[in-house]
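Asker: A structural model of the following input is requested.
(2 chains)
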2 protein chains.
Amino acid sequence: MARIVMKFGGTSVADLDRIRNVASRVKREVDAGHEVAVVVSAMSGVTNQLVKWCTELSPLHDAREYDTVVATGEQVTTGLLAIALQTLGVDARSWQGWQVPIRTDGAHGKARVEEIEGERLVERMGQGQVPVIAGFQGIGPRERITTLGRGGSDLSAVAVAAAVRADRCDIYTDVDGIYTTDPRIVPRARKLAAVAYEEMLELASVGAKVLQTRSVELAMKQKVRVQVLSSFEDKPGSLVVDEDEIVEQPLVTGVAYSRDEAKVTLRQVPDKPGIAATVFGPLADANVNVDMIVQNLGSDGTTDMTFTVGKADLPRAREVLEKARGAIGFADVLADPEVTKISIVGIGMRSHAGVAATMFKTLAEKGINIQVISTSEIKTSVLVGAEYTELAVRALHTAYGLDAPA
Amino acid sequence: MARIVMKFGGTSVADLDRIRNVASRVKREVDAGHEVAVVVSAMSGVTNQLVKWCTELSPLHDAREYDTVVATGEQVTTGLLAIALQTLGVDARSWQGWQVPIRTDGAHGKARVEEIEGERLVERMGQGQVPVIAGFQGIGPRERITTLGRGGSDLSAVAVAAAVRADRCDIYTDVDGIYTTDPRIVPRARKLAAVAYEEMLELASVGAKVLQTRSVELAMKQKVRVQVLSSFEDKPGSLVVDEDEIVEQPLVTGVAYSRDEAKVTLRQVPDKPGIAATVFGPLADANVNVDMIVQNLGSDGTTDMTFTVGKADLPRAREVLEKARGAIGFADVLADPEVTKISIVGIGMRSHAGVAATMFKTLAEKGINIQVISTSEIKTSVLVGAEYTELAVRALHTAYGLDAPA
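Answerer: All right, here's what the predicted structure looks like:
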């Protein structure tokens, strides 16, 4: 017997047939003797309609009223799923954020969960009842409805799982797990049986959009074991767990890529102390996030500084730099949006040397020029020309032995 | 300065344009210096969709989950109207049933309002804020969402008006007031400036579907002055108030009709003590509501009993009577659904004799046979053949001087 939180997203509850399908899945876990709580999103499309109404009435609408309106989407799903479960003979009842309660701060539209009182839920689960909990919503300090922001239902599920001390939080979605890389690029990508929290964070932030970063962070902090699996197929998914749980740790778990960055180079910057602050201070003030940074010392007492910013931030970054040209004293600014960041991720890299060397050698053999390199404890990233994306990802996937048997 | 509760039904808030229109109306009252609270229904069509989903999942759905689902319709409207009001510079906030709170009993799907805590609303109104309150919903004894049943938003509005001690409860609807009779039958029907609660009860129960009977009863009990008016036109409506407020009291206020009844005659019932109980007991047990009753003594020691039942109940009534034939001992049962009940209503009838005589004389002059008569303190009803409906209503409307000037 295990205690499980099952979370179903908008596409999984898009219509009555899919809600019935979800009910059957839940019943199966109940029949297997598990204690189950369910967290649901709004039926897909509903939230968009509600948001549109608010925005059409006023682009600068009161966030508290916005929350009141959009939280209804999840409320509808909880009631319908409870009815569908009862129809199958499963004892179930709906819970809104204010009923549990799921206490959040007062940041309407992007609230943070502060506390969930799990005891009543645990009690009901112990009696064989399935709590069907509205994801995405909570109740703020002034007893008003709050929402956690887009994708917040994953966060709700992980937080509920922590509150009821669940053995596992199953996130049902439209992909069937976490892959070693993007299967659209590498058909022989393999589904991972297990990924460590920290690996998932690196994979998510570089492009694998399966689980929200905030949810993974919360799961890691609260030690919630998460499983990502398909709501449409009946196959085991991928576990996101503490690294101690992962018995066979490969050196590299996955290859990720991101086309969302642009490269900026400042030419002939005077090489003097404090120059980095002069460059990156104004960018930070303008909310431009800088990722990879490299500096090449020239022979003439100047240096070339290269770094990446989000593609969407590029115009703002150029504007900020041009304004600061006098203070920085660079000769020229070059921008190149035609780049891709490619990363290898794996907690095995911590304890093994030479992992990155394989990456550089592999790319060199394919004639791919590395423009910038950055590393962290469990990740090595390189910036390459955008046209090499697929070639580089495939070569690295093979080099690290990640290809599925043919 | 007055304190006003304004209630808008589903057609008045059917889309964003209409919600903006409602916001303008509310602003006008605020600008006139009044303290205003608003009660809203769901956008028209929304409740039907939500009900349909529940019913499709299970015809015998859990009423608590049904309430959770359908109450979202009103919640959406409160948030949207609050935003629309704020856009016009009017301070406003939404209130759900559980936030006010509007406490009800636990009869999900048809709950009764037990208590509304009005003080917080009064305080906000005093500060110039407009509370936008979800109609139709409340919170039950076990902290679950309840609904008051169809048309419950009128009831919410009257109950809120009582709780905040409002000077008036304005019910905005798609008719512009209460008429002396159905204007589709009598083009010269007049809009009434004022109607007494008890008259409204009689008019509502015999066919004028403007205000729910339960709402009028509550308004009468709590002495809430109600105004019925159009949300689309800018004209004064009709007041429903205590009879003491009505200065010029006509003998007859209105002529109502109902095509919803059927006539049943039991022929040759033995004329003995207790026979009425033998007939009407089994009907009551079967939940068949009997309205008008008349008994004609025959010369042979038997009697013919004639009464009316709801048209929808007719098959059940016949079945019950046939089963009880032995006990009652009648010779024959005749049923006639082709009848209409026509009523004249007016509190002036209490203190004036001869009002009903005018009715009988008028109908006789038109050659209309009266099949059954029933009277109450402020109402006289007759049953006539359905084909005489329009003729009878028009003749009575003229006879009691109700026609508008040509």
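Asker: could you measure the residue lying farthest from the centre of chain A against A:A331, distance?
Answerer: Using C-alpha atoms, centre = their mean, the residue of chain A lying farthest from its centre is A:D300. It sits 44.3 Å away. For A:D300, the distance to A:A331 under the criterion C-beta to C-beta, to the nearest Å works out to 11 Å. (C-beta placed from N, C-alpha, C; glycine too.)
Asker: Dig out what A:M6 forms beta bridges with.
Answerer: Beta-bridge pairing of A:M6, defined through DSSP bridges, involves A:V38, A:D170.
Asker: and stretch A:222-241, how far from the chain's centre?
Answerer: Put simply, stretch A:222-241 sits 14 Å off its chain's centre (C-alpha atoms, centre = their mean, to the nearest Å).
Asker: what's around A:T11, how many residues?
Answerer: For A:T11, the count of nearby residues is 16 (other C-beta atoms under 10 Å in any protein chain shown).
Asker: hmm, I was thinking of A:I139
Answerer: A:I139: 20 surrounding residues under other C-beta under 10 Å.
Asker: Quick check on it: phi, psi?
Answerer: phi -130, psi 130 (degrees, to the nearest 10).
Asker: close enough to count as contact, it and A:E117?
Answerer: No. With contacts counted by C-beta atoms under 8 Å, A:I139 stays clear of A:E117, the gap being 11.0 Å.
Asker: shared neighbours, these two?
Answerer: Common neighbours of A:I139 and A:E117 are listed as A:P101, A:R103 (criterion: C-beta atoms under 8 Å, 6 or more residues apart in numbering or on different chains).
Asker: Tell me how far A:I293 lies from A:Y257.
Answerer: Taken as C-beta to C-beta, the span from A:I293 to A:Y257 is 19 Å.
Asker: Out of these two, name the residue with the larger neighbour count.
Answerer: Each of A:I293 and A:Y257 has its neighbours counted (other C-beta under 10 Å); A:Y257 has more, 23 against 14.
Asker: so how far is chain B from the closest residue in space to that one that isn't next to it in sequence?
Answerer: Closest residue to A:Y257 apart from its sequence neighbours, by C-beta to C-beta, 6 or more residues apart in numbering or on different chains: A:I342 at 4.9 Å. With the distance defined as C-beta to the nearest C-beta, to the nearest Å, A:I342 ends up 45 Å from chain B.
Asker: before we move on, what about A:A14?
Answerer: Distance, A:A14 to chain B, by C-beta to the nearest C-beta: 12 Å.
Asker: Show the pLDDT at that residue.
Answerer: Listed pLDDT for A:A14 reads 96.
Asker: Please tell me I have it right and it contacts A:S44.
Answerer: Yes. With contact defined as C-beta under 8 Å, A:A14 reaches A:S44; the gap is 4.5 Å.
Asker: which regions of chain A sit below the pLDDT cut-off?
Answerer: A:150, A:205-209 (pLDDT under 70).
Asker: Setting the sequence-adjacent residues aside, check what's closest to the residue in the stretch 301-406 of chain A that chain B sits nearest to.
Answerer: Nearest to chain B, among the residues of the stretch 301-406 of chain A, is A:A312, at 28.4 Å (C-beta to the nearest C-beta). Among residues not flanking A:A312 along the chain, A:D260 sits closest, at 7.8 Å (C-beta to C-beta, 6+ apart).
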